[in-house]
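# 3D, please:
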Amino acid sequence: MSAHIYKKLEIVGSSATSIEEAVNNAVAKAAETIRNIRWVELVETRCHVENQKIAYWQVTCKIGFTLDEN
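Numbers count the residues shown, from 1 in each chain. This next block holds a predicted model:
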């Protein structure tokens, strides 16, 4: 039985709608080039304000994935 080896990368997702959609956008974009995604850690949540209103949400995510075995 082989040991799983993981790697994490940090990205920021955004959405004009919600925090959840910002996370989903981040994971969807990462999944275009990263295989074997296993988890997401939410590191930071913030929002961009324009004209005294929230314009969009930004969520910093650490995405964990397993490395391919040889």
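# For stretch 42-59, measure first residue to last.
Counting by Cα to Cα, to the nearest Å, you get 7 Å between the two ends of stretch 42-59.
# who's in contact with I5?
T66, L67 (Cβ atoms under 8 Å, 6 or more residues apart in numbering). To be clear about C-beta, it is placed using only N, CA and C from the backbone, and glycine gets the same treatment.
# quick one: pLDDT of it?
We have a pLDDT of 89 for I5.
# and what of D68?
83.
# isn't it right next to R35, touching?
Yes. Taking contacts as Cβ atoms under 8 Å, D68 lies within contact range of R35: 7.2 Å.
# which neighbours do the two share?
Common neighbours of D68 and R35 (Cβ under 8 Å, 6+ apart) do not exist.
# what is K7 paired to in the beta sheet?
Note on K7: beta-bridge partners by DSSP bridges are F65.
# Which helix or which strand is home to K29?
Secondary-structure assignment from DSSP states H and E places K29 in helix 19-31.
# Now do the contacts for A16.
A55, Y56, W57.
# Show the model's pLDDT score for it.
pLDDT, A16: 96.
# For the strand or helix carrying H48, name the packing helices and strands.
Here H48 sits within strand 37-50, counting by DSSP H and E. Contacts defined by 3 or more Cβ pairs under 8 Å, 6 or more residues apart in numbering; DSSP states H and E place strand 37-50 against strand 6-15, helix 19-31, strand 53-66.
# any weak-confidence spans in the chain?
1-2, 70 (pLDDT under 70).
# how about A26, what does it touch?
A26 neighbours (Cβ under 8 Å, 6+ apart): I11, V12, G13, V40, V59, C61, I63.
# and the two most separated of those?
The most widely separated members of those, counting by Cβ to Cβ, are V12 and V40 (12.3 Å).
# Which residues are in contact with each of those two?
Common neighbours of V12 and V40 (Cβ under 8 Å, 6+ apart) are A26, C61.
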